[in-house]
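Q: Sequence first, then the predicted structure:
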Amino acid sequence: MASRGPVVPRITDVAALAGVSTSTASKALNDTGQLREETRERVRRAAEQLGFTPDGRGRALSSGRSYTVGLITTDSSGRFSIPIMQGAEDALSAGEMALVLCDTRDDALRESHYLRSLVARRVDGIIVTGRRTEPRAPIDVPMPVVYAFSPSTDPADTSVVMDEYGGATSAVRHLLSLGRRRIAHVTGPATHRSAVVRAAATAAAAGDALIGEPLHGEWSERWGRHAVDVLVRTGDVDAISCGSDQIARGVCDRLRELGRAVPDDVAVTGFDNWSVMALASRPPLTTVDLRLEELGRRTARLLLEMIGGAAPSGVVSLPTELVPRESTLGT
């Protein structure tokens, strides 16, 4: 006699264990209908106890939703979009929702194609992000949209960004608290909003302690090394605030080659808390954490609110976090 496989629990089993009708159990698991929260919770506990998993197709049909969210990004490397996506997935998984990633590679035609595809799939909402913090043109789709990292140019849209100005300010205040009074700033291209904002915050916070104008160049270790050569020719510094961890790592390398000890002779700060750079630097970098996963979680929560009928709008700015390490504190 052939052995029978495991018995798969059904919605009727969940209803019986919870002491409700089958229709009530279905509404509770699909977050539909006018039910008391204690009833929904009782049904959820029963489903968990039995190991019951709702059928995705039936759930979608009964609720009129797809339980999927699209994420449109221009960040092909994933440097910023991956942690944002991970944070968004944390928030979306609580509602058993899936996320579909679409990389446009900065191609307007590719973005249009992906948007048509997401609309055809009837996703419940869309998160739009990118690799730069410049505001971008809004998308036109018939479902809720939240912009993350790269805000919308339309003030009526909902955007979530990080407080870069506050982050740069915290790095300079940290240097000042350590007694540094000759601070230089080395950052990225003057055509990039992040570089401009971080430089402005550094100049304002440093005041008379800032040596010369901020030095703008590329976001690279090579530029960091070259900037040190420029600085040692123009005067003595006891701290270098950098607009990115890549630049800061190059700064540390060149200072070491020139026999300048970090942080004894020159303290160095980075920005981004990119572990590949910040932890591999010699010494490890004091830096500003953008908290991108939290940005992704907040974005997804706002999107869920909009899917549920709420109508938030405007720009939400999240705080950054200073992470002190050996490049300013020593061993």
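A: Received, thanks.
Q: Secondary structure element holding residue 169?
A: Using DSSP states H and E, residue 169 falls within helix 164-177.
Q: Quick check: buried residues in that helix?
A: 164-172, 174-176 (16 or more other Cβ atoms under 10 Å). C-beta: built from backbone N, CA, C; applies to glycine.
Q: Ok, stretch 317-328 next?
A: So for stretch 317-328, counting by 16+ other Cβ under 10 Å, buried means 318, 320, 322-323, 325-328.
Q: can you check stretch 263-271 too?
A: Across stretch 263-271, burial judged by 16+ other Cβ under 10 Å covers 263, 266-271.
Q: For the residue lying closest to residue 281 once chain neighbours are set aside, give me its contacts.
A: In this structure, residue 281 finds its nearest non-sequential neighbour in residue 249, 4.3 Å apart by Cβ to Cβ, 6 or more residues apart in numbering. Counting by Cβ atoms under 8 Å, 6 or more residues apart in numbering, residue 249 makes contact with 221, 224, 270, 277-278, 280-281, 285.
Q: ok but residue 249 is inside a helix, no?
A: Yes - membership of residue 249 in a helix is supported by DSSP: H, G, I helix; E, B strand; the rest coil.
Q: Now, the buried residues of stretch 263-271 that are in strands?
A: Applying DSSP state E to the buried residues of stretch 263-271, the entries found in strands are 267-269.
Q: For residue 190, state which of those residues is nearest.
A: residue 269 (20.0 Å; Cβ to Cβ).
Q: Which residue, neighbours along the chain excluded, lies closest to that closest one?
A: In this structure, residue 269 finds its nearest non-sequential neighbour in residue 171, 4.4 Å apart by Cβ to Cβ, 6+ apart.
Q: distance of that neighbour from residue 217?
A: 18 Å (Cβ to Cβ, to the nearest Å).
Q: again with residue 145
A: Noted for residue 145: a distance of 35 Å to residue 217, by Cβ to Cβ.
Q: need the contact list for the residue lying closest to residue 170 once chain neighbours are set aside.
A: Leaving aside its sequence neighbours, residue 170 sits nearest to residue 322 (Cβ to Cβ, 6+ apart; 4.5 Å). Contacts for residue 322 (Cβ under 8 Å, 6+ apart) come out as 167, 170-171, 174, 286-289.
Q: and these as CSV, adding distance to residue 109 and pLDDT?
A: Below are these laid out as CSV (distance: Cβ to Cβ, whole Å; pLDDT from 0 to 100):
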residue, distance to residue 109, pLDDT
167, 35, 98
170, 41, 98
171, 40, 98
174, 45, 98
286, 43, 98
287, 37, 98
288, 36, 98
289, 35, 98
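Q: out of the residues you listed, which one sits closest to residue 299?
A: For the contacts of residue 322, the nearest to residue 299 is residue 289 (17.1 Å; Cβ to Cβ).
Q: how many neighbours does the closest one have?
A: Neighbourhood size, residue 289 [other Cβ atoms under 10 Å]: 19.
Q: Which residue or residues pair with it through a beta bridge?
A: Beta-bridge partners recorded for residue 289 (DSSP bridges): residue 272, residue 321.
Q: Now for it: which residues touch it?
A: Taking Cβ under 8 Å, 6+ apart, we find residue 289 in contact with 272-273, 320-323.
Q: nearest to residue 40, of these?
A: The closest of these to residue 40 turns out to be residue 321 (Cβ to Cβ; 36.0 Å).
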